[in-house]
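K.L.:
need a 3D model of the sequence below.
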Amino acid sequence: MEMRKADLHLIRAGFILFTLALVTGLAVPVFVNPRMAVAAHVNAILGAIVLIVVGLVWRLLVMSPFQARFTRATFIFSAYAAWGTAGLAAAWGTSRFTPIAGEGHTALPWQETVVQGLQSAIVVTVFAGALSVLHALRSRPALAERAESVF
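P.N.:
Modelled structure (predicted):
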């Protein structure tokens, strides 16, 4: 277990995603389903915030090198995949897994299946990342000392 500093990779990935969210917001009118495009825009903003926050609190997490790589990968994948999947759903007009935002739209069965599979993978991945962070935050004397020095 090693002490880390803020993770610039996560912070950078968060600001890149934030920029993509802004571009998505500008492009809302050109999507087949503009309501889902707004969802992609908001989803990307929230994902960017999560990436930036996890990057900033990275030094409080006590993890092995493998757990650190795993946690970083799960958060980056889930944030970008959520944005991309919502963008695909907006572009294709899928509605199977998004009945409220997709109301009134239908897509080809293979497009519905792709979006459904990606959304399922995102749920599993972000849940695994959250559990990893909870595990890394479990009570330890060294963690308590680090938290006190930050605040």
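K.L.:
every contact and neighbour count from this point should use C-alpha atoms.
P.N.:
Fine.
K.L.:
in three-state terms, label the spatially most central residue of the chain for me.
P.N.:
Nearest residue to the geometric centre of the chain (Cα atoms, centre = their mean): Ala79, 1.9 Å. Under DSSP: H, G, I helix; E, B strand; the rest coil, Ala79 falls in the helix class.
K.L.:
nearest spatial neighbour of Ala81, skipping sequence neighbours?
P.N.:
Leaving aside its sequence neighbours, Ala81 sits nearest to Ile122 (Cα to Cα, 6 or more residues apart in numbering; 6.8 Å).
K.L.:
count the residues that sit near that neighbour.
P.N.:
Counted with other Cα atoms under 10 Å, the neighbours of Ile122 add up to 21.
K.L.:
my read: it touches Ala82, true?
P.N.:
Yes - using Cα atoms under 8 Å as the test, Ile122 is close enough to Ala82 to be in contact (6.6 Å).
K.L.:
show me the common contact partners of those two, please.
P.N.:
With contacts defined as Cα atoms under 8 Å, 6 or more residues apart in numbering, no residue is shared by Ile122 and Ala82.
K.L.:
coming back round to it: please name the residues that touch the residue nearest to the centre of the chain.
P.N.:
Applying Cα under 8 Å, 6+ apart, the residues near Ala79 are 44, 47-48, 51.
K.L.:
is it possible to export these to JSON lines including neighbour count?
P.N.:
Formatted as JSON lines, those follow (neighbours: other Cα atoms under 10 Å):
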{"residue": "Ala44", "neighbour count": "30"}
{"residue": "Gly47", "neighbour count": "26"}
{"residue": "Ala48", "neighbour count": "29"}
{"residue": "Leu51", "neighbour count": "26"}
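K.L.:
make a markdown table from the residues you listed and add secondary structure and pLDDT to it.
P.N.:
Shown next, in a markdown table, are the contacts of Ala79 (DSSP: H, G, I helix; E, B strand; the rest coil; pLDDT from 0 to 100):
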| residue | secondary structure | pLDDT |
| --- | --- | --- |
| Ala44 | helix | 98 |
| Gly47 | helix | 98 |
| Ala48 | helix | 98 |
| Leu51 | helix | 98 |
